[in-house]
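Peer 1: Structure for this input, please:
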Amino acid sequence: MNLDIRYNPMNPRASQLVKLIRPFYLGICCAFISLLLSMACSLAFPLAIARLLDATRMTGARRLVDKWAILLFLIFTCQAIFSFLQSYLLSIVGERITSKLRVQLYSHLQGLSHSFLNDRRIGELVSRLSNDVSQIRSLLSGTLVSSLSQVTLLIGAVVIIFAISPQLSLFMLLTIGAPLIFFSYFFGRQIEFRSVEVQDELARSLVIAEEGLYGFRVVKGFGRESYEVMRFEQSTGIVLRAASQLAAWSSSFSALMVFSGFGAIGAIMWYAGREVIAGQLSLGMITGFLMYAVMIAGSLVGLSGLYGQLRSAIGGVQRVFQILDIAPEIVDAPGAVTIPPINGKINFENVSFRYNSGTLALKDITLEIRPGETFAFVGPTGAGKSTLLNLIPRFYDPTHGTIRIDGIDLREATQLSFRSQIGIVPQETMLFGGSIKDNILYGRLDATEFEIISAAKAANAHDFIMQLAEGYNSPVGEAGMSLSGGQRQCIAIARAILKNPRILLLDEATSALDNESESLVRAAINGTIIGRTTVIIAHRLSTITAADRIAVLSDGRIAELGSHDQLLQESGLYARLYDLQFRS
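Peer 2: Here you go, the predicted model:
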């Protein structure tokens, strides 16, 4: 896995970074100019000190000392002003870039296909959205600022000391530069590798924490609090070991750089002392030279540490761009048409579907669902019911065959145009944080208060909502946990009704409910399906006895097709399922 993001027109990582920061060039340029001016003031300081010391030995020393002291004060003032400007501007730019990237990444995740999100652990994606994007912020607004400062100081100081003493300058660069190059190359790759490892393990740890908190009812129901703590503790222990290894490499790198830097300063002082004794340099010049030497050594040591931070941050950058590089599997075809208001006719033409794992879920399905018809799919677990339902809103594309709505191939239409006319009530109801009103309003964001209440009444939700302390403004809790299963499903149905879809998809909407809640939801469904094409996946056959037609799936094929009464008379698979369910 290549983690190199140095600028190269052929390097996609570099081009992505350039594209990301391009809108902020003005702010970056202003910050860079302020940085250069601030560093110029820093570079002028040792030279001013040297001149001040030499001035004490000249005629009219007091006036010259006063002059250089005033100049030093002005240098300090300008340095403070420019330092503030560059730090503030780059911090603001870094925050804006981070915000933009976080929105871009979240938008990209929302646009990825159902298969990608279904196969990933949400905690890992959240880690990339938070921790890894923050790495980019530190790279752009922290590491970058410090690196530019140190490079500017280094170049400026090298130029000045070469003007003072070329021989001493060469001696200094050899004693400092050689160890820096060697240690940076050796340690940099290890630090980068360990940093990526820490980020990966941290993401896994967050996944475990999210699962334990989200499934707290199961955890407490089985008395597995200690087990979950143990899982999280083991995971964080792995993170700790990886972070300790990273800290060991980073600390060793910094320690060696400090040793090399100060060792070189000692050697320079020995060499410079000989130059002073030989009369080649004045005391003021050697003082200034030593200050520049300390500045160079500090810059090199600082750059070595920043190099480690840079290699560490690259790991986070890589993980973010790995997600951004993933293309959605389901995309609008070039020239895709916008489906006009539909009647609700659905055709499956020789449809087969195979998952990426290789499992063949559907085999040569040919079926027509008429406009306004209530159509149900039943069958044993693994027969392909949910897969068939997921093909209608084009969460997946058929491996073979075609699905048409009102005669239009779904692959030739824009996803938004037909999904805007489809309502879905899943088996596992998802309610968002906020109030009941907010969750119903999700079906159509511009709906009026009257329309919201009408949808809730149609879904048998209005009465229990009004019994809550805050009515429609009552909070639903995390994922709707403050409501019962039947209440959550009724709100989900109200959300679908508010959308007023021509096609309604119900994915085992009552399978997880008790009898009382099932009756509540079934009444809501019966009032919802009137005048719509409704496709139902049913586990409880009592919910679909009134369906116009029922397709019985077995091993990915349609084994039987007919009304409830017709299928019972055939005494086939449906009759056996019905007999087993009601006899039990």
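
Peer 1: What ranges does the stretch 301-450 of the chain have for its helices?
Peer 2: Under the criterion DSSP state H, counting those that start in this stretch, helices of the stretch 301-450 of the chain are mapped to 385-391, 415-419, 436-441, 449-458.

Peer 1: which residues touch the second one?
Peer 2: Applying Cβ atoms under 8 Å, 6 or more residues apart in numbering, the set of residues contacting helix 415-419 from outside is Ile330, Asp332, Val337, Thr338, Ile339, Ile342, Pro393, Arg394, Ile405, Leu410. Heads up, the C-betas are built off the backbone N, CA and C, glycines and all.

Peer 1: Name all residues that make contact with the first one.
Peer 2: Residues near Ile330 by Cβ under 8 Å, 6+ apart: Ser113, His114, Arg394, Phe395, Tyr396, Asp397, Gln415.

Peer 1: Try it again at 10 Å.
Peer 2: 111-116, 394-397, 410-411, 415 (Cβ atoms under 10 Å, 6 or more residues apart in numbering).

Peer 1: which of those count as buried?
Peer 2: Neighbour counting with 16 or more other Cβ atoms under 10 Å marks Leu112, Ser113, Ser115, Phe116, Arg394, Phe395, Tyr396, Asp397, Leu410, Arg411, Gln415 as buried within those.

Peer 1: re the thing from before, ok, which pair from the contacts of helix 415-419 is furthest apart?
Peer 2: Pairwise distances across the contacts of helix 415-419 peak at 19.3 Å for Ile330 and Ile342 (criterion: Cβ to Cβ).

Peer 1: now for the strand or helix carrying Ser251, which elements pack on it?
Peer 2: For Ser251, the element it lies in under DSSP states H and E is helix 225-277. Other helices and strands packing on helix 225-277, by 3 or more Cβ pairs under 10 Å, 6 or more residues apart in numbering; DSSP states H and E, are helix 166-214, helix 216-221, helix 283-324.

Peer 1: Lowest average pLDDT across those?
Peer 2: The weakest mean pLDDT among the helices and strands packed on helix 225-277 belongs to helix 216-221, with a mean of 60.

Peer 1: can you pull the contacts of the residue nearest to Cys30 when sequence neighbours are not counted?
Peer 2: Distance criterion Cβ to Cβ, 6 or more residues apart in numbering; nearest residue to Cys30, sequence neighbours excluded, is Leu89 at 5.6 Å. Residues counted as contacts of Leu89 (Cβ under 10 Å, 6+ apart) are 24, 26-35, 141, 145.

Peer 1: Please apply the same query to Ala494.
Peer 2: Contacts of Ala494 (Cβ under 10 Å, 6+ apart): 425, 436, 439-441, 443, 452-462, 465, 524, 528.

Peer 1: Does Gly335 touch Glu412 like I think?
Peer 2: Yes. Counting by Cβ atoms under 10 Å, Gly335 does reach Glu412; the two are 8.2 Å apart.

Peer 1: Compare those two and say which is more crowded by neighbours.
Peer 2: Higher neighbour count among Gly335 and Glu412: Glu412, with 14 against 6, using other Cβ atoms under 10 Å.

Peer 1: now that one: how far from Lys345?
Peer 2: 16 Å (Cβ to Cβ, to the nearest Å).

Peer 1: how about low-confidence regions in the stretch 351-500 of the chain?
Peer 2: The stretch 351-500 of the chain contains residues with pLDDT under 70 at 478-481.

Peer 1: Among the contacts of Leu89, which one has the most neighbours?
Peer 2: Ala31 leads these on contacts (other Cβ under 10 Å) with 25 neighbours.

Peer 1: Tell me the secondary structure at that one.
Peer 2: Classification of Ala31 by DSSP: H, G, I helix; E, B strand; the rest coil places it in helix.

Peer 1: Contacts only, for it.
Peer 2: So Ala31 contacts 24, 85-94, 141, 144-145, 148 (Cβ under 10 Å, 6+ apart).

Peer 1: pLDDT check: weakest of those residues?
Peer 2: Out of the contacts of Ala31, that is Ser141, at 64.

Peer 1: can you count the residues close to Ile238?
Peer 2: 16.

Peer 1: contacting residues around Val186?
Peer 2: Wrong residue type there; residue 186 is Phe, not Val. Trp249, Phe253, Leu256.

Peer 1: Could you measure from it over to Ala242?
Peer 2: Taking Cβ to Cβ, one finds Phe186 at 20 Å from Ala242.

Peer 1: can you check Pro23 too?
Peer 2: Applying Cβ to Cβ to Pro23 and Ala242 gives a distance of 36 Å.

Peer 1: For these two, indicate the residue with more neighbours.
Peer 2: Ala242 (19 against 12).

Peer 1: Please verify my assumption that that one contacts Ser235.
Peer 2: No. If you go by Cβ under 10 Å, Ala242 and Ser235 don't touch, sitting 11.0 Å apart.

Peer 1: Need the overlap of contacts for those two.
Peer 2: Counting by Cβ under 10 Å, 6+ apart, the residues touching both Ala242 and Ser235 are Glu201, Leu202.

Peer 1: how about the nearest residue to Phe348, chain neighbours excluded?
Peer 2: Nearest to Phe348 is Leu367, by Cβ to Cβ, 6+ apart, at 4.4 Å.

Peer 1: List the contacts of that neighbour.
Peer 2: 346-349, 351, 375, 377, 388, 403, 549, 551, 558, 561.

Peer 1: From these, list the buried ones, please.
Peer 2: Ile346, Asn347, Phe348, Glu349, Val351, Phe375, Phe377, Leu388, Ile403, Arg549, Ala551, Ile558.

Peer 1: If you count neighbours, what's buried in stretch 87-100?
Peer 2: Ser87, Leu89, Leu90, Ser91, Val93, Gly94, Arg96, Ile97, Thr98.

Peer 1: So the fourth one is in contact with Arg137, correct?
Peer 2: What that stands for is Ser91. Yes. With contacts defined as Cβ under 10 Å, Ser91 counts as touching Arg137 at a distance of 9.4 Å.

Peer 1: returning to that earlier point: just the contacts of Leu367 now: which is nearest Ser484?
Peer 2: Looking across the contacts of Leu367 and measuring by Cβ to Cβ, the closest to Ser484 is Phe377, at 26.6 Å.

Peer 1: and that closest one, how far is that from Ser42?
Peer 2: Applying Cβ to Cβ to Phe377 and Ser42 gives a distance of 74 Å.

Peer 1: do the same with Ala496
Peer 2: 65 Å.

Peer 1: okay, these two: which has more neighbours?
Peer 2: Between Ala496 and Ser42, counted using other Cβ under 10 Å, the more crowded position is Ala496 (25 against 19).
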